[in-house]
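**Q** The sequence and its predicted three-dimensional model are supplied below.
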Amino acid sequence: MAYWLFKTEPDTFSIDDLARANTIWEGVRNYQARNFLRDQVQEGDEVFIYHSSCKQVGIAGIGRVVRAGFPDPFAFDPDSGYFDAKSNPDQPSWYAVELAFERRLPLLPLAALKANPALAGMPLVQKGSRLSVMPVTPAQWRAILAMA
DNA sequence: GCCAACGTTGGC
DNA sequence: GCCAACGTTGGC
């Protein structure tokens, strides 16, 4: 089983929304993140949910992967904001996974994560990184849980 | 709202 | 293939 961190803007989708129902994690439009979703994220993996671009940025909770990578259906829907005319079901450009809610965490602010030397290797805390789906090592996972 | 950093696009 | 222009991300 592997660990991940997914970013989301809570104004659009938050840990509270995940707590209400499983969700298709759609709309990832970055190739590096896409490759993780398509090739590596597996059912049963655990995921830190990170709130970005908001008042209190940080890790807000944990989700669990209940369906591994499949073609992002929103990319095929002309009415979706995530529509991509270059993606088609025969050769999908983009992938999604399905997540279930696991639990909330007391918000772990980005500043605190940055201050933890055990997390220095995470793209999350590195300047300029915009990666929205990233692997978390078991050691990093434990270090973050220890902060909660 | 500002702006730095990054990814993508498109002309050549 | 280069690289300037542009759009987006995301912290502050």
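**A** Happy to help now that I have it.

**Q** separation between residue A:20 and DNA strand C?
**A** 22 Å (CB to the nearest atom of the strand, to the nearest Å). Quick note: C-beta positions are derived from backbone N, CA and C, even for glycine.

**Q** got a pLDDT number for that residue?
**A** Looking at residue A:20, its pLDDT reads 96.

**Q** Over to the one 5 residues further on?
**A** On the pLDDT scale, residue A:25 is placed at 95.

**Q** List the contacts of it.
**A** By CB atoms under 8 Å, 6 or more residues apart in numbering, residue A:25 lies in contact with A:6, A:37, A:96, A:97, A:98, A:99.

**Q** can you check residue A:86 too?
**A** Contacts of residue A:86 (CB under 8 Å, 6+ apart): residue A:93.

**Q** Who does residue A:25 form a beta bridge with?
**A** residue A:97 (DSSP bridges).

**Q** what's the spacing between it and DNA strand C?
**A** Residue A:25 sits 13 Å away from DNA strand C, going by CB to the nearest atom of the strand.

**Q** need the residues of chain A near DNA strand C, please.
**A** Residues of chain A lying close to DNA strand C by CB under 7 Å from any atom of the strand are A:7, A:29, A:52, A:53, A:57, A:110, A:111, A:114, A:130, A:131, A:132.

**Q** Now the buried members of the residues you listed.
**A** A:7, A:57, A:110, A:131, A:132 (16 or more other CB atoms under 10 Å).

**Q** For the contacts of residue A:25, could you give me TSV that also reports neighbour count?
**A** Below are these laid out as TSV (neighbours: other CB atoms under 10 Å):
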residue	neighbour count
A:6	21
A:37	24
A:96	25
A:97	28
A:98	18
A:99	23
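
**Q** Rebuild those residues as JSON lines, extending it with pLDDT.
**A** Compiled in JSON lines, the contacts of residue A:25 are given as follows (pLDDT from 0 to 100):
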{"residue": "A:6", "pLDDT": "97"}
{"residue": "A:37", "pLDDT": "95"}
{"residue": "A:96", "pLDDT": "94"}
{"residue": "A:97", "pLDDT": "96"}
{"residue": "A:98", "pLDDT": "97"}
{"residue": "A:99", "pLDDT": "97"}
